[in-house]
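>>> curious how this folds, go ahead:
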Amino acid sequence: MITSLKMMRTYPRITETITYKRRKQIGRKQEILASLAGEQVHYRLDDLTCPDCRHDLKEIGTVCARQELLFIPAKLKRIDHIQHSYKCQHCSDETLVDKIIKAPVPKAPLNNSLGSASLIANTIYQKYSLKVPAYRQEKDLQRLGLPLDRKTVSNWHIKVCEYYLSSIYQLLRKELLKLDVIHADEMPYRVLDSERVKDYVWTFLSGKHAEKPIVLYHHGSRKGEEAWDFLDGYRGYLHCDQYPGYFKLSKQDVTLVGCMAHARRKFFEALPEDVKEVNAASIAKQGIHYCDLMFSLERRWVDLSVEERYEKRQSELKPLLEKFNDWCFKRSISVLPSGKLGKAFNYCVNHKDKFMNVLKDGRLELSNNRAERAVKEIVMGRKNWLFSQSSTGADAMATIMSILETAKQNGLDQFKYISYLLDKLPNELSLSDNQC
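Alright, predicted model coming up:
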């Protein structure tokens, strides 16, 4: 308890008091209305005579009585691509065979299919961005007059990944491995026809200071080989939790950086329900307080340059990290290693070198929350479509989500981007007949 009081005096708790009321934004509605295309609807009198004296009325002006937004439901339209043919009469007269020249026609993403670039892009956007499962899309398409089943929609996604999007995925992976900082995380994912005991989706993404953000998902098992194979040839910093599957990467010049948010979470889980009456709770609260102080320092430096942040960490964060490590080591001796508090201390003591690695570069972060936020996109989708039927479908899901999330991180409209790819790539890549 004396140690706790000394620490509280040395590092006072930072509290924030809000002394103002949030004001309503003025002009927000008008700004939204002005940004949209509009049309005018005029209301005129049919009888231009005065109801009292019966003389003619003269128009003197107009006023916009109100503005409203009109929702235009989606609709399907058939496009007939008519190809014109031309004959060269001169060449035909000179040879035994007529010379016929046909106007080029843009290729469709999938030949002999109802799936156009815009229609497939819409089903992809609905499922993977808006998290609308295929069976709900099936009902909506039938309402529009298109009798498609969910199996057809899922097959579209698998085929466009195989023909087009997988090549973009591999290019993004090559670019990601060139970066100096990468975040990684993994989560369970259900695949019905999988031969594995349990499937996982791995997340690998660029650091906060990357010029062009990249987010990639990878479907596989939770074995460390998945991370080793994906990051084969990578040399740099890797933000991750302390899952042992990452440890072998340190042999290929990969520097693992620990996540202080995971450490804080373990101390938080060690708090009993009644923290006021249990003495052990004060120890867990001290661990949380140490972590809060570190994150408070990082928030102050968020706008600094990489070089300035590096200097600040050496002068302020490094002493605090060293004090935290010493405190964890001393306290870990006096608690049961099998309890929640003991596990929290063992986690911090066993991986203290990973936590200290954040001091090596100003581009690194104190937590791996960036990867966990990217994982949430898969989590939200999993809550809606629940599972993938096959490993092929899970691979397609990971590829499509990678393309969409990378587009989102770069400020692109996801629907327009995927529609653009499916419209242009079939004409850029030469496909064999058996692929189509």
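>>> neighbours around Arg136, how many?
The number of residues packed near Arg136 is 15, by other CB atoms under 10 Å. Backbone N, C-alpha and C define where each C-beta goes, glycine included.
>>> mind checking the SS state of it?
helix (DSSP: H, G, I helix; E, B strand; the rest coil).
>>> how close does it sit to Leu130?
Look at Arg136 and Leu130: by CB to CB, to the nearest Å, they are 10 Å apart.
>>> same check, this time on Thr392
Distance from Thr392 to Leu130, by CB to CB: 23 Å.
>>> neighbour count for these two, which is higher?
Taking other CB under 10 Å, Thr392 and Leu130 do not tie; Thr392 has more neighbours (17 against 12).
>>> list the contacts of that one.
By CB atoms under 8 Å, 6 or more residues apart in numbering, the residues touching Thr392 are Ile158.
>>> how near is it to Ser166?
Distance from Thr392 to Ser166, counting by CB to CB: 11 Å.
>>> Lys99 too?
Distance, Lys99 to Ser166, using CB to CB: 40 Å.
>>> buried residues in the lengthiest helix in the chain, which are they?
Secondary structure of the chain per DSSP state H: the longest helix is helix 279-300. Buried positions in helix 279-300, judged by neighbour count with 16 or more other CB atoms under 10 Å: 280-281, 283-291, 293-294, 298.
>>> tell me the one of the residues you listed nearest Phe324?
The closest of the buried residues of helix 279-300 to Phe324 turns out to be Tyr290 (CB to CB; 4.6 Å).
>>> and for the closest residue to the closest one other than its chain neighbours, the neighbour number?
Leaving out its chain neighbours, the residue that sits closest to Tyr290 by CB to CB, 6 or more residues apart in numbering is Phe324, at 4.6 Å. Using other CB under 10 Å, Phe324 has 21 neighbouring residues.
>>> now the one 4 residues further on
Cys328 has 22 neighbours, counted by other CB under 10 Å.
>>> doesn't it lie inside a helix?
Yes: counting by three-state DSSP, Cys328 is part of a helix.
>>> if I pick it, what's in contact with it?
287, 345, 348-349, 352.
>>> now a PyMOL select for only the buried ones of these.
This is how PyMOL selects the buried members of the contacts of Cys328, with burial counted by 16+ other CB under 10 Å:
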select buried, resi 287+345+348+352
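>>> among the contacts of Cys328, which are in helices?
Judged by DSSP H, the contacts of Cys328 include 287, 345, 348-349, 352 as members of helices.
>>> and which of those residues is nearest Asp56?
The closest of the ones in helices among the contacts of Cys328 to Asp56 turns out to be Gly287 (CB to CB; 86.5 Å).
>>> was I right about the closest one contacting Lys343?
No: in this structure, Gly287 is not within contact of Lys343 by CB atoms under 8 Å, at 11.8 Å.
>>> flag the shaky bits of the protein, pLDDT-wise.
Applying pLDDT under 70 to the chain flags the ranges 1-25, 273-281, 430-436.
>>> domains of it?
114-234+370-431, 259-367 (automatic domain parsing).
>>> can you lay out those domains as a markdown table showing distance to Pro244?
Below are the domains of the chain laid out as a markdown table (distance: least, CB to CB, whole Å):
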| stretch | distance to Pro244 |
| --- | --- |
| domain 114-234+370-431 | 7 |
| domain 259-367 | 11 |
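>>> of all those domains, which one comes closest to Asp253?
domain 114-234+370-431 (8.6 Å).
>>> the residue of the chain most remote from its centre: which element?
What lies farthest from the middle of the chain is Cys53; by CA atoms, centre = their mean that is 69.5 Å. Assignment of secondary structure by DSSP states H and E places Cys53 within no helix or strand.
>>> do you know how far it is from Asp46?
18 Å.
>>> next one: Lys151
Distance, Lys151 to Asp46, by CB to CB: 56 Å.
>>> quick one: which of the two has more around it?
Lys151 (11 against 4).
>>> which stretch of helix or strand covers that one?
Assigned by DSSP H and E, Lys151 belongs to helix 150-160.
>>> can you give me the strands for the stretch 151-300 of the chain?
In the stretch 151-300 of the chain, the strands defined using DSSP state E, counting those that start in this stretch lie at 181-189, 199-206, 215-220, 236-239, 254-257.
>>> hang on, the earlier thing: which one of the domains of the chain lies nearest to Gln67?
Nearest to Gln67, of all these, is domain 114-234+370-431, at 25.1 Å by CB to CB.
>>> ok, the closest residue to Ala284 other than its chain neighbours - contacts?
Distances taken as CB to CB, 6+ apart put Ala270 closest to Ala284, at 4.2 Å, once the chain neighbours are dropped. Residues in contact with Ala270 (CB under 8 Å, 6+ apart) are 280, 284, 287, 339-341, 343-344.
>>> the closest residue in space to Gly145 that isn't next to it in sequence: what's it in contact with?
Among residues not flanking Gly145 along the chain, Leu76 sits closest, at 6.2 Å (CB to CB, 6+ apart). Counting by CB under 8 Å, 6+ apart, Leu76 makes contact with 144-146.
>>> isn't the residue nearest to Tyr290 up against Asp292?
No: using CB under 8 Å, Phe324 makes no contact with Asp292, being 11.4 Å away.
>>> let me know the secondary structure of the nearest residue to Met187 once chain neighbours are set aside.
Closest residue to Met187 apart from its sequence neighbours, by CB to CB, 6+ apart: Val375 at 5.2 Å. Put simply, Val375 is helix when judged by three-state DSSP.
>>> in the stretch 1-150 of the chain, which spans are helices?
2-10, 28-34, 89-94, 117-124, 134-143, 150-160 (DSSP state H, counting those that start in this stretch).
>>> nearest to Ala65, out of those?
Minimum separation from Ala65 across the helices of the stretch 1-150 of the chain (CB to CB) falls at helix 28-34, 13.8 Å.
>>> against which helices or strands is the closest one packed?
The contact analysis (3 or more CB pairs under 8 Å, 6 or more residues apart in numbering; DSSP states H and E) places helix 28-34 against no helix or strand.
>>> dump the C-alpha coordinates for the longest helix of the chain into CSV.
Presented in CSV, the C-alpha positions along helix 279-300 are these (Å, rounded to 0.1, in the frame of the first residue of the first chain):
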residue,chain,number,x,y,z
ASN,A,279,-6.5,-5.5,-1.3
ALA,A,280,-5.3,-7.4,-4.5
ALA,A,281,-7.5,-5.0,-6.5
SER,A,282,-5.2,-2.1,-5.6
ILE,A,283,-2.3,-3.9,-7.3
ALA,A,284,-4.3,-4.4,-10.5
LYS,A,285,-5.3,-0.8,-10.4
GLN,A,286,-1.7,0.2,-10.1
GLY,A,287,-0.9,-1.7,-13.3
ILE,A,288,-3.8,0.0,-15.1
HIS,A,289,-2.6,3.3,-13.8
TYR,A,290,0.9,2.7,-15.2
CYS,A,291,-0.6,1.9,-18.6
ASP,A,292,-2.8,4.9,-18.5
LEU,A,293,0.2,7.2,-17.9
MET,A,294,2.0,5.7,-20.9
PHE,A,295,-1.0,6.2,-23.2
SER,A,296,-1.5,9.8,-21.8
LEU,A,297,2.1,10.6,-22.9
GLU,A,298,1.5,9.2,-26.4
ARG,A,299,-1.7,11.3,-26.8
ARG,A,300,0.4,14.4,-26.1
